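[1] build me a structure from this.
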Amino acid sequence: DHGAHSRKSKIKGREPVVIHPEDAKRRNIENGSLVRLFNRRGSCLCSAVVSDEVRPSVLQLSTGAWFDPPLAADSGISCKHGNPNVLTRDEGTSRLAQGPSALSCLVEVEVYRGETTAMPLSAFSPPVINSERT
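    Predicted structure coming up:
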């Protein structure tokens, strides 16, 4: 996610999600809209890219965004940066391979209407280091 290619694809710092124009219109989603992808496993914030390069009822979200949970646990958002791992099953294909079990999942998408100023991106900010010795 730190690489130039990944950073260049971000929209307002968030991972882009591609949505078909028909689906976007039905949900009042415009190009660049901040959207929430969600299912029963979790949710993430992304920036919408409206394009007919995906089929209707299909979203495409790359795996580039580093996990960036909000500070407030009650925000209803699992990742504010757009990491799709919060939406998929965390189960390997077998005890030997441990590859991802699926590269797809069912989600819903909506325009995010929550407060974003309380959720600034922090995936690249170093943690505060306490220099006191105990």
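[2] gap between Met119 and Gly42?
    As judged by CB to CB, to the nearest Å, Met119 and Gly42 stand 15 Å apart. C-betas here are computed from N, CA, C, even on glycine.
[3] what about the strands in the protein?
    Remark: strands assigned in the chain by DSSP state E are 16-19, 34-38, 43-50, 59-61, 108-111.
[4] what number of residues lie near Cys79?
    Burial of Cys79 is recorded as 25 neighbouring residues (other CB atoms under 10 Å).
[5] equivalent analysis for the one 4 residues further on, please.
    Residues within reach of Asn83, counting by other CB under 10 Å, total 24.
[6] Pro21: neighbour count?
    Neighbours of Pro21 (other CB under 10 Å): 14.
[7] can you offset everything so residue one is 244?
    Sure, I'll start numbering at 244, so the last one becomes Pro264.
[8] can you tell me the closest non-neighbouring residue to it?
    Excluding the flanking residues, the one nearest Pro264 by CB to CB, 6 or more residues apart in numbering is Val293, at 5.4 Å.
[9] out of the strands of the chain, flag the one nearest Lys251.
    In terms of CB to CB, the element of the strands of the chain nearest to Lys251 is strand 259-262, at 10.7 Å.
[10] output the contacting helices and strands for the closest one.
    strand 277-281, strand 286-293, strand 302-304 (3 or more CB pairs under 8 Å, 6 or more residues apart in numbering; DSSP states H and E).
[11] list the buried residues for it?
    Within strand 259-262, the residues scored as buried using 16 or more other CB atoms under 10 Å are 259-262.
[12] wait, which of these is closest to Leu339?
    Val260 (32.7 Å).
[13] contact partners for the nearest residue to Asn274 once chain neighbours are set aside?
    Counting by CB to CB, 6+ apart, Asn274 lies nearest to Val293, which is 4.8 Å off, once chain neighbours are set aside. Counting by CB atoms under 8 Å, 6 or more residues apart in numbering, Val293 makes contact with 262-264, 267, 272-274.
[14] Val293 and Ser347: what is the separation?
    From Val293 to Ser347 the distance is 20 Å (CB to CB).
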